[in-house]
Each structure stands twice: as C-alpha cells, then as structure tokens.
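Asks: just need the structure, nothing else, for what follows:
(2 chains)
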Amino acid sequence: MGGHQRGPSDPSGEVAESLEDLIQGRADAQDVIRLTEAFRKITGGLLGGSSLDIEFKQHLDFVFNQVIQQVRKNGVTKESGEYIGKMLFRLYNVYQVYKMKSSGKAPGEMVAEAANILKMMADKLGWVL
Amino acid sequence: MKFTPDIIASLITEDMTFPSENMALLETVGGITVLDGDTPMDDFLKYVEFNYLGWDLNNKKWQAAAQRFFGNIPTKDGLLELIDQSSQSEELKIILRMWTEKAPVAEPINPLPMSGKSLKLPVKRGDRVRLGKHKKECRCPAGPKCQNASANWSPSMDQYVGKVAVVIDEMGQDAQQCDIVNVDIDQRQHQWRTNVMTQP
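Replies: Residues are numbered from 1 along each chain as shown, chains lettered A, B, ... in the order given. Coordinates of the predicted model:
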C-alpha cells in the first residue's frame, strides 16, 4: 500500500498531489499557502452542518490559520515544509474518512476503508501499528 | 512564542503549542481528553484523529471510538466478523484484529427506565436531564399533518436513551421547531430535543 488518497471532495487531486510535493521538499511558501487555501476550500461544505461538523471545521481552521500565519512570516525550509506537510497530510486523511460518514456506506465498509487509509498513513509517516 | 524557521523545524518533534486565544475551541467535552495551552500540535492531531475517527495509536484503541464515529457497530464479535468478511489483505486483517481485541468493549445498549417526571422547561445549560427518544412530530402551525414531521433521530442515539446527561449548549430549534440542546454524554455528537427529556 502507499501513495496518497484522492477523495470525492478533491476531484482534481490538487490537495493530495501538493501534499506529496510538500512532504518531499518540493514546495515553496506560496505553494504551501495555495495548498492550505485549497484544503480549506474543499472543507468549506462542512460549515452549517451538525454541531460536530462545525466543531471539526473549527479544528481544521485552527491549523490552516496557524500554517498560513507562520509561513507568511517565516517562509518554508525543507524541514518546516516536511513538518507542515505531514501535519496537513494527517488532517487530510482524517477529513477523507470523516466525509465517509455521509456517504451512505455500511459501517463495515467504512471501517474497512478507514483501515486502508490508516495503513497508508502509517506507511507514509512511519507509524508502528 | 514566535515561530522562526528553526523553531518550526523543531516542531517535527513536539513543540507547536496553542495560543491561549484558541482555547475556546478546546473546552472539556464529556470524557474527552482536556487540552490545555501547553498541548503540543502533535497531541492536538492525535486528539482530532481519535475524536473524529477513533484511532489511537498509543493505546491501540479502535472499537469504542469507532463505534461512536461509524455508528452501529454493535459488538466486538460483530466487528471481528466484519473484518474477516472484508476483502482486505491478510496483513490488514491481523492489524484490525489486534486493535479490536485490545480495545475496550463498548457499553451495551441498555436504556435505563424513565422516571416519567416532566422536566421544568426551558432546559438550560448546566441542567441535569434524562434523555428521551424523540417522537415524529412538527411544531409548526400545520401540526401533526405537516409534511416536514420527523423524529430527527439516528440509530447511534439509541444507546443514550434513559441516561442522565448534562446540558452543554442550548442550540435553538431544529427543523421541526422543537427546542434542542447538546449534552455531555455523547460529546455533543447529537442534538437532543428537550420536550422528551425528563427529570433524572
């Protein structure tokens, strides 16, 4: 397993591909800001949903704001880009699984897909499962 | 704390903390981990991953939180059966079985008997209430014949019926014009109608 996830909310794969570039040190400050805003855009539909959706959106926005604020101020090094990339990568995959809740899939199917995503994340981030 | 490129680089390990003005996002909710101003970003991400998806890599917990997120996964045996029936790789099945077998068993659905005593309305933040099952209704002028009548209910709420909870937020009214609140017992996951609540 490996590679990045492309979900229905990111049809062009822009966020997923940009995350890959960022983690690999192939992104500058403008790329990171563009990526973060693109990520924020695909999560925009969460606002106005249930209270849990709103809370989740607030958690995402907190990270987006932190990233943009710091990158505008300090730019991006290879190391900070890798850190920010991994952080956004984790949130992106949380978001992909979170969106499955409204997909109408059976719980077992969702658990299996979530497990696949988790395994892929573990491969990419070096987590020991 | 000011973030310089060097400091951001050091965050790879642990040190990105929350500024105090963001604490409003992180208030205590039921039994969920309390995050404070010294919480590293990595812990925040773990909180998000556990709170919304159920994965807890430190404690290898899956089932209880996954049940909360995914809904009706009734028992540990049921989840193990689902894993074995899935078309995933053998390696993945082993990981899932490991998680599931180490995870705490979720509480069985066993509603407590209702007291039947009416609650003093309106319900306010901080009130202790016993949760009740919503009825299909609509409180608009059209009354029971309204096409919009609904119980505004999901199966994942069944497990909380009859249990005592504390009101966390007053949420106004739902689409059927019933007053609704968030409570602590389900970590604010659902909106509960106050008109079917009773005294604890």
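Asks: in contact with the nearest residue to residue B:196 once chain neighbours are set aside, which residues?
Replies: The shortest distance from residue B:196 to any non-neighbouring residue, by Cβ to Cβ, 6 or more residues apart in numbering or on different chains, is to residue B:132 (3.4 Å). Quick note: C-beta positions are derived from backbone N, CA and C, even for glycine. Residue B:132 is in contact with B:114, B:161-162, B:193, B:196-198, counting by Cβ atoms under 8 Å, 6 or more residues apart in numbering or on different chains.
Asks: ok, so of these, who is nearest chain A?
Replies: Nearest to chain A among the contacts of residue B:132 is residue B:193, at 14.1 Å by Cβ to the nearest Cβ.
Asks: the strand ranked longest in chain B and chain A, any residue contact?
Replies: Across chain B, the longest stretch assigned as strand under DSSP state E is strand B:164-173. Yes. Residues of strand B:164-173 contacting chain A under Cβ under 8 Å from any Cβ of the partner chain: B:169, B:171.
Asks: rewinding a little: narrow the contacts of residue B:132 to those that are buried.
Replies: Neighbour-count burial (16 or more other Cβ atoms under 10 Å in any protein chain shown) applied to those gives B:114, B:161-162, B:193, B:196-197.
Asks: isn't residue B:80 up against residue B:97?
Replies: Yes. Between residue B:80 and residue B:97 a contact is recorded at 6.4 Å, counting by Cβ atoms under 8 Å.
Asks: who does the longest strand of chain B pair up with?
Replies: Strand B:164-173 pairs in its sheet with strand B:128-130 (antiparallel), strand B:179-183 (antiparallel), by DSSP bridges.
Asks: what comes up buried for that strand?
Replies: By neighbour count on 16+ other Cβ under 10 Å, the buried set for strand B:164-173 is B:164-165, B:167-168, B:171.
Asks: what about the most centrally placed residue in chain A, helix or strand, and which?
Replies: Most central in chain A under Cα atoms, centre = their mean is residue A:92, positioned 1.7 Å from the mean C-alpha point. Secondary structure from DSSP states H and E places residue A:92 in helix A:78-100.
Asks: does anything pack onto that helix? Which helices or strands?
Replies: helix A:14-23, helix A:29-42, helix A:51-74, helix A:107-125, helix B:5-10, helix B:41-53 (3 or more Cβ pairs under 8 Å, 6 or more residues apart in numbering or on different chains; DSSP states H and E).
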